[in-house]
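A.B. asks: give me a model of this one.
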Amino acid sequence: MALTALSSVAAETSPALPNLVIIFCDDLGYADIGKFGAEGYQTPHLDRLADAGATFRNFHVAQPICSASRAGLLTGCYPNRIGVHQALGPRSKTGISADEMTLAELVKQRGYATAIFGKWHLGDAPQFLPLRHGFDEYFGLPYSNDMWPLHPDLLRRTPEVAARKRGYPDLVLFDGETVARPKVTQEDQNQLTTWYAERAVKFIEKNKARPFFLYLAHSMPHVPLGVSDKFRGKTKRGLYGDVIEEIDWSVGQVLGALKRNGLDENTWVIFTSDNGPWLSYGNHAGSARPLREGKGTSWEGGTRVPCIMRWPGHIPAGVETWDMLMTIDLFPTIADLIGAQLPDRKIDGLDVWPIISRQPGAKNPHAAYWFYYEVNQLQAVTSGDGRWKLQMPHTYRTMIGQAPGRDGMPGEYVNRQLESAELYDLANDMGETTDVSANHPEVVKQLKEEAEKARADLGDALTKRSGSGQREPGRVN
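C.D. replies: Numbers count the residues shown, from 1 in each chain. Now for the predicted structure:
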């Protein structure tokens, strides 16, 4: 591959390997930034990023939950292929396997400096931490904010849940493989966004003379929310809006560092989220408007997330696209661009650079995308062009008809059962309001055939199928 793929899209006078910056928020909803309809606060840096790049309005994560979503991004695999399900808790006995190639390990083939600042959540045992998986630098939390003995939600949980969560270790902040803070306080939470941004800027400055991969994985706006005094009380939306404005500020810090160091033209910046909003938290949660449901569901509000990409001269400025893409596609796309070898093991993503760079006639190379959730439940299948979505019979949670949470305390979900498969025309009904299966039996048939491919490969707990393509996660002995 060498640089042939890169040279086809890069100017002949600029053959250098591109820097890569992925800014990955936690629980940021589809409508939570300016260009996607945010209300009550401003995101000027993200708005400018969009004006200089492209907005992707049909961009999805592989699963609507923390650990699984991150596994998909960093390996190019459906998370259940590599044995990562749900959100891994503290002292988890499983995590990312040493046999899987991460995005950091991929780019190391080409001499990149690599760093993650923020949330990891692919296992907190020593063998699972980032420095063992291709990252040169790591500063952040190994799991989610709510996995914290001081989380206020514990005050109202059932005795069984409360007892289990009180058994969690204190939230730990790592600096590399060294514990920087063994007991994270609320004041520490308030500084996380600032600390991550500061580390990101220093990393850019230190590595400006070589290609680098910066993974800025914000802990916010996952509850419990934290914001520095710089932004506290600044927005009409309250604490949630304050938190988003600080995230936007952090994006500005990164973009400013790139500009000061003359790296703007040769850096591909990607901003997105790990899943939709945690709706039960009410005014401490974001919005997926106009999508259905949110985090923890395979409806569009759980998997479709805001996405902005910028790379001057390679991604046209000021455009938007409704072509469907998924985080798993970034891994092989980056591999082809920089001339890195893909792993010997099967991955699920495909090179989608023609779509990202808006090449005429570009089409998504996937026949379909598979949406798994819970522990290996195939809950939905979407056509590769993003138009048709078949929701399989399954149980899902909803806040419809329920009182929302407030000020850091969640409301209670109720479970609903989808009794039979339903088909949605997302091009005309992105809110998944009307089942059109009776009108398009041929589409239902086609997507059910794709579902059978998924089950043969990865299995399906809902239909009690075992797949031949699943691999073991890493395990603590």
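A.B. asks: secondary structure element holding the residue nearest to Thr114 when sequence neighbours are not counted?
C.D. replies: Nearest-residue entry for Thr114: Ala104, 4.3 Å, with adjacent residues in sequence omitted and distances by C-beta to C-beta, 6 or more residues apart in numbering. In this view, the C-beta of every residue, glycine as well, is placed from N, C-alpha and C. Using DSSP states H and E, Ala104 falls within helix 103-108.
A.B. asks: my guess is the residue nearest to Thr114 meets Tyr215, correct?
C.D. replies: Yes. Taking contacts as C-beta atoms under 8 Å, Ala104 lies within contact range of Tyr215: 7.4 Å.
A.B. asks: show me where pLDDT drops low in the chain?
C.D. replies: 1-15, 149-150, 152-168 (pLDDT under 70).
A.B. asks: how about 50 then?
C.D. replies: 1-14 (pLDDT under 50).
A.B. asks: returning to what we had before: distance of the residue nearest to Thr114 from Ile96?
C.D. replies: Distance from Ala104 to Ile96, counting by C-beta to C-beta, to the nearest Å: 11 Å.
A.B. asks: tell me where the stretch 51-200 of the chain has helices.
C.D. replies: 66-75, 103-108, 159-166, 186-206 (DSSP state H, counting those that start in this stretch).
A.B. asks: between these, which one is closest to Met220.
C.D. replies: Of all the helices of the stretch 51-200 of the chain, helix 186-206 sits nearest to Met220, with 5.6 Å by C-beta to C-beta.
A.B. asks: next SSE downstream of that closest one?
C.D. replies: Next element after helix 186-206 (DSSP H and E): strand 212-217.
A.B. asks: that next one packs against which elements?
C.D. replies: Using 3 or more C-beta pairs under 8 Å, 6 or more residues apart in numbering; DSSP states H and E as the contact test, the elements touching strand 212-217 are strand 19-25, helix 103-108, strand 113-118, helix 186-206, helix 239-260.
A.B. asks: can you list the domains in this protein?
C.D. replies: Listed domain ranges for the chain are 4-366, 369-475 (source: automatic domain parsing).
A.B. asks: what residues are up against the most centrally placed residue in the chain?
C.D. replies: In the chain, the C-alpha nearest the mean C-alpha coordinate belongs to Asp274, at 2.4 Å (C-alpha atoms, centre = their mean). Asp274 is in contact with Phe24, Cys25, Asp26, Asp27, Leu28, Val61, Cys66, Ser69, Arg70, Leu73, Val305, counting by C-beta atoms under 8 Å, 6 or more residues apart in numbering.
A.B. asks: that one and Ser437: what is the separation?
C.D. replies: Noted for Asp274: a distance of 30 Å to Ser437, by C-beta to C-beta.
A.B. asks: residues in contact with His463?
C.D. replies: Not His; residue 463 is Thr. Contacts of Thr463 (C-beta under 8 Å, 6+ apart): Leu378, Arg455.
A.B. asks: now do the buried residues in stretch 122-140.
C.D. replies: For stretch 122-140, the neighbour count (16 or more other C-beta atoms under 10 Å) marks 122-125, 128-140 as buried.
A.B. asks: kindly export the helix holding Ala104 (C-alpha atoms) in CSV.
C.D. replies: Output of helix 103-108 as CSV, limited to C-alpha atoms (Å, rounded to 0.1, in the frame of the first residue of the first chain):
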residue,chain,number,x,y,z
LEU,A,103,-5.9,2.1,16.1
ALA,A,104,-2.9,3.2,18.1
GLU,A,105,-1.0,0.0,17.2
LEU,A,106,-2.1,0.4,13.5
VAL,A,107,-0.6,3.8,13.2
LYS,A,108,2.6,2.9,15.1
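A.B. asks: that one - contacts with which helices or strands?
C.D. replies: By 3+ C-beta pairs under 8 Å, 6+ apart, helix 103-108 packs against helix 66-75, strand 113-118, strand 212-217, helix 330-338.
A.B. asks: roughly how far out does that helix sit from the chain middle?
C.D. replies: Put simply, helix 103-108 sits 18 Å off its chain's centre (C-alpha atoms, centre = their mean, to the nearest Å).
A.B. asks: list the contacts of it.
C.D. replies: So helix 103-108 is contacted by 20, 73-76, 114, 116, 130, 133-135, 211, 213, 215, 330-331, 334-335, 338, 340, 342-343 (C-beta under 8 Å, 6+ apart).
A.B. asks: now render the helices and strands packed on strand 212-217 as CSV, adding mean neighbour count and distance to Phe56.
C.D. replies: Shown next, in CSV, are the helices and strands packed on strand 212-217 (neighbours: other C-beta atoms under 10 Å; distance: least, C-beta to C-beta, whole Å):
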stretch, mean neighbour count, distance to Phe56
strand 19-25, 25, 14
helix 103-108, 21, 18
strand 113-118, 26, 21
helix 186-206, 19, 22
helix 239-260, 22, 16
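A.B. asks: okay, these in TSV with distance to Trp353 next?
C.D. replies: Formatted as TSV, the helices and strands packed on strand 212-217 follow (distance: least, C-beta to C-beta, whole Å):
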stretch	distance to Trp353
strand 19-25	13
helix 103-108	15
strand 113-118	21
helix 186-206	24
helix 239-260	21
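A.B. asks: for Arg416, find the nearest of these.
C.D. replies: With C-beta to C-beta as the criterion, Arg416 lies closest to helix 239-260 of these, at 26.0 Å.
A.B. asks: hang on, the earlier thing: let me know which of the helices and strands packed on helix 103-108 is tucked in deepest.
C.D. replies: Most buried of these by mean neighbour count (mean count of other C-beta atoms under 10 Å) is helix 66-75; its value is a mean of 28.
A.B. asks: output it as PDB, restricted to C-alpha atoms.
C.D. replies: These are the backbone C-alpha positions of helix 66-75, laid out as PDB (Å, rounded to 0.1, in the frame of the first residue of the first chain):
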ATOM      1  CA  CYS A  66     -19.600   2.900  26.600                       C
ATOM      2  CA  SER A  67     -17.100   0.000  26.400                       C
ATOM      3  CA  ALA A  68     -18.600  -1.700  23.400                       C
ATOM      4  CA  SER A  69     -18.700   1.600  21.400                       C
ATOM      5  CA  ARG A  70     -15.000   2.300  22.200                       C
ATOM      6  CA  ALA A  71     -14.000  -1.300  21.200                       C
ATOM      7  CA  GLY A  72     -15.600  -0.700  17.800                       C
ATOM      8  CA  LEU A  73     -13.900   2.600  17.300                       C
ATOM      9  CA  LEU A  74     -10.400   1.400  18.200                       C
ATOM     10  CA  THR A  75     -10.500  -2.000  16.500                       C
END
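A.B. asks: which residues does it contact?
C.D. replies: 22, 24, 26, 61-63, 77-80, 82, 84-88, 96, 100-104, 119-122, 133, 144, 217, 222, 274-275, 326-328, 330-331, 347.
A.B. asks: and those residues, which of them are buried?
C.D. replies: The neighbour-count criterion (16+ other C-beta under 10 Å) marks 22, 24, 26, 61-63, 77-80, 82, 84-85, 87-88, 96, 100-104, 119-122, 133, 144, 217, 222, 274-275, 326-328, 330-331, 347 among the contacts of helix 66-75 as buried.
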